[in-house]
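Asker: structural data only, the sequence is not supplied:
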């Protein structure tokens, strides 16, 4: 089992819809969780991080964490074509304060 | 701040040649990470340094890979001899006191 799993997609949503991106992780003791966005040919950039169970909102983005079920999700409201990118889930496992593990990434396509 | 700087941005070489990738982290950041990204395997951590000291090199594929960080503002990743399967995008990232990692633009390596 991979440490961090994501569906590689592509996930296609129409402009204005909600995009839901999901990620599961294997280390139950993981403490912190990150979502990075990577445009084609570019480097990853952090868009959200979350530490506690529940939701964290930042503009059109909401990160959701459920430690009991070991999943973290990212919701993008009012999706725009400019949101089309690959979204990488990253997890900081227990005992490895700096060693973040990345998922394969989900490619999101927002159709105008 | 100029962000993380990597050079070269593109490298094409022949199998068996030595390849040296360079990274300058963000000033004041005390952690530096080298990643490799491929379509099949995603973003993989190769090695990371804390205060110029290698902390975990378990991701380094084999002895052909080596990394150094002689001072706080410079790091190298060397592949000798290079092989076609080393073709990938290599990212350097740095981190300060907070958990956010900032990625450089990457080096696209093609080994023929």
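Answerer: Perfect, I can see it now. All values reported here derive from a predicted model rather than from experimental measurement.
Asker: any idea how far residue B:35 lies from residue B:18?
Answerer: Relative to residue B:18, residue B:35 is positioned 20 Å away (criterion: CB to CB, to the nearest Å). For glycine as for every other residue, the C-beta is placed from the backbone atoms N, C-alpha and C.
Asker: neighbour-wise, which of those two wins?
Answerer: For residue B:35 and residue B:18, the more surrounded residue by other CB atoms under 10 Å in any protein chain shown is residue B:35, and the numbers stand at 27 against 11.
Asker: pretty sure that one is touching residue B:46, no?
Answerer: Yes - shown here, residue B:35 and residue B:46 form a contact pair, counting by CB atoms under 8 Å, at 6.3 Å.
Asker: what lines up beside the helix or strand harbouring residue A:23 in the sheet?
Answerer: Counting by DSSP states H and E, the element that carries residue A:23 is strand A:19-25. The strands beside strand A:19-25 in its sheet (DSSP bridges) come out as strand A:4-5 (antiparallel), strand A:71-76 (antiparallel).
Asker: count the residues that sit near residue A:28.
Answerer: 10.
Asker: repeat for residue B:7
Answerer: Residues contacting residue B:7 under the criterion other CB under 10 Å number 14.
Asker: checking the closest residue to it other than its chain neighbours next. Helix, strand or coil?
Answerer: Computed as CB to CB, 6 or more residues apart in numbering or on different chains, the closest residue to residue B:7 that is not its neighbour in sequence is residue B:22, at 4.8 Å. What DSSP: H, G, I helix; E, B strand; the rest coil gives for residue B:22 is strand.
Asker: residue B:22 - how many residues pack around it?
Answerer: The number of residues packed around residue B:22, counting by other CB under 10 Å, is 16.
Asker: return the distance of stretch B:66-74 from the chain's centre.
Answerer: For stretch B:66-74, the separation from the chain centroid amounts to 10 Å (computed by CA atoms, centre = their mean, to the nearest Å).
Asker: in that stretch, which residues are buried?
Answerer: B:67, B:69, B:72-73 (16 or more other CB atoms under 10 Å in any protein chain shown).
Asker: quick check: mean pLDDT across that stretch?
Answerer: Along stretch B:66-74, the predicted confidence averages to a pLDDT of 96.
Asker: what of stretch B:42-57?
Answerer: 93.
Asker: tell me the buried residues in that stretch?
Answerer: Neighbour counts using 16+ other CB under 10 Å place B:42-43, B:45-50, B:56 of stretch B:42-57 among the buried residues.
Asker: could you dump those into JSON lines and include secondary structure?
Answerer: Putting the buried residues of stretch B:42-57 into JSON lines (three-state DSSP) gives the following:
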{"residue": "B:42", "secondary structure": "strand"}
{"residue": "B:43", "secondary structure": "strand"}
{"residue": "B:45", "secondary structure": "strand"}
{"residue": "B:46", "secondary structure": "strand"}
{"residue": "B:47", "secondary structure": "strand"}
{"residue": "B:48", "secondary structure": "strand"}
{"residue": "B:49", "secondary structure": "strand"}
{"residue": "B:50", "secondary structure": "strand"}
{"residue": "B:56", "secondary structure": "strand"}
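Asker: isn't residue B:23 right up against residue B:3?
Answerer: No - the pair residue B:23 and residue B:3 does not pass the contact test of CB under 8 Å, sitting 11.3 Å apart.
Asker: who's more crowded, the two?
Answerer: Taking residue B:23 and residue B:3 together and counting by other CB under 10 Å, residue B:23 has the greater number of neighbours (25 against 14).
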